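>>> Give me a 3D structure for the following:
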Amino acid sequence: MLDKAKPSLASFFEGTNPTPPVHLGTRYDRSGNFLLEPGNTVVSHLVPGSRSEAAVIEVRERIRAMPDADRLAFTPISSLHMTLFQGIIEYRRRLPFWPADVPLDASIDDMTRLYLERLQHFEGKGAFRIKAIGVTPNGLTVAGASAEDDRILRLWRDALSVPFGYRHPDHDTYVFHITFAYQIRRLADERVSAWQDLFDECLAFLDREAPVIELRPPAFCSFKDMEHFEELLVLE
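Sure, this is the predicted structure:
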């Protein structure tokens, strides 16, 4: 059955990835409860009330309706966003995920205040549009709606790396996404076809109903866990 899974889905199934999910126990527990994991980030939230938001929520609900969706911990609809640039987070206090000019034991609140100061005069790199290019148990894989949008997204990331003081190892290859859920347990191998069919149907649905996913302007946000991202400064 696993030979029917697309390569992008192999890591979600027991037979091809028996290792425990990487964030289990720090970001969320086995009951699907989200744990304290403070940090900051730059994200674009979905546009409330938009047609594309409704389509994205519909896909999320279709995933939740799967009989084995209890293997997933779902974030609230209100938290849906695309991460543009990853800030710092409590359980990743090491280089190059932390600015080299700031002590690794600095508090998260102090880091958020520091970044707010550094971003006060930040100049955005322009508007961009995104589209869904894949669906997984975690949510949507997205990309620029055009080559020009892709270029602008990369310009934003390059520019933000300056005030944040680092570039992650995947800085140039970062895969943009909109998270719906995190895996508590890997999916059973015999369920590959059912999940693959669902994801194919969902991607076709998004192509029809939301060829462009509308986003709010990027904002610097703080968070205590994965359930809410508080916008502190809109970057335009």
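>>> ok but E117 is inside a helix, no?
Yes - the assignment for E117 by DSSP: H, G, I helix; E, B strand; the rest coil puts it in a helix.
>>> Tell me which residues touch it, please.
Residues in contact with E117 (CB atoms under 8 Å, 6 or more residues apart in numbering): none are found. (C-beta placed from N, C-alpha, C; glycine too.)
>>> ok, now how distant is it from L235?
Applying CB to CB, to the nearest Å, the value for E117 to L235 is 14 Å.
>>> next one: E214
Separation of E214 from L235 (CB to CB) stands at 17 Å.
>>> CA-only coordinates of the longest strand seen in the chain, as PDB, when you get a sec.
The residue-count maximum for a strand in the chain (DSSP state E) belongs to strand 81-89. Below are the C-alpha coordinates for strand 81-89, written out as PDB (Å, rounded to 0.1, in the frame of the first residue of the first chain):
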ATOM      1  CA  HIS A  81      -1.600  31.600   9.000                       C
ATOM      2  CA  MET A  82       1.400  31.300   6.700                       C
ATOM      3  CA  THR A  83       4.700  31.700   8.400                       C
ATOM      4  CA  LEU A  84       6.900  34.100   6.400                       C
ATOM      5  CA  PHE A  85      10.000  34.000   8.700                       C
ATOM      6  CA  GLN A  86      10.600  31.900  11.800                       C
ATOM      7  CA  GLY A  87      11.500  33.900  15.000                       C
ATOM      8  CA  ILE A  88      13.000  32.400  18.100                       C
ATOM      9  CA  ILE A  89      11.300  29.800  20.200                       C
END
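>>> Can you give me the buried ones in it?
By neighbour count with 16 or more other CB atoms under 10 Å, strand 81-89 contains the buried residues H81, M82, T83, L84, F85, Q86, G87, I88, I89.
>>> Distance of the second one relative to D158?
Computed with CB to CB, the distance linking M82 and D158 is 17 Å.
>>> do the first one as well
According to CB to CB, H81 stands 20 Å off from D158.
>>> mind listing what the residue lying closest to S52 once chain neighbours are set aside touches?
Computed as CB to CB, 6 or more residues apart in numbering, the closest residue to S52 that is not its neighbour in sequence is A210, at 3.8 Å. By CB under 8 Å, 6+ apart, the contact set of A210 is R51, S52, A55, V56, A132.
>>> The third one: which element?
A55 is part of helix 51-64 when elements are defined by DSSP states H and E.
>>> Using CSV, write out every CA atom in that helix.
What follows is helix 51-64 as a C-alpha-only set of coordinates in CSV (Å, rounded to 0.1, in the frame of the first residue of the first chain):
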residue,chain,number,x,y,z
ARG,A,51,-13.9,33.1,0.1
SER,A,52,-10.5,31.6,0.2
GLU,A,53,-10.6,31.4,4.0
ALA,A,54,-13.9,29.5,3.7
ALA,A,55,-12.3,27.1,1.2
VAL,A,56,-9.3,26.5,3.5
ILE,A,57,-11.5,25.8,6.5
GLU,A,58,-13.6,23.4,4.4
VAL,A,59,-10.4,21.4,3.6
ARG,A,60,-9.5,21.4,7.3
GLU,A,61,-12.9,20.1,8.1
ARG,A,62,-12.6,17.3,5.5
ILE,A,63,-9.4,16.2,7.2
ARG,A,64,-11.0,16.3,10.6
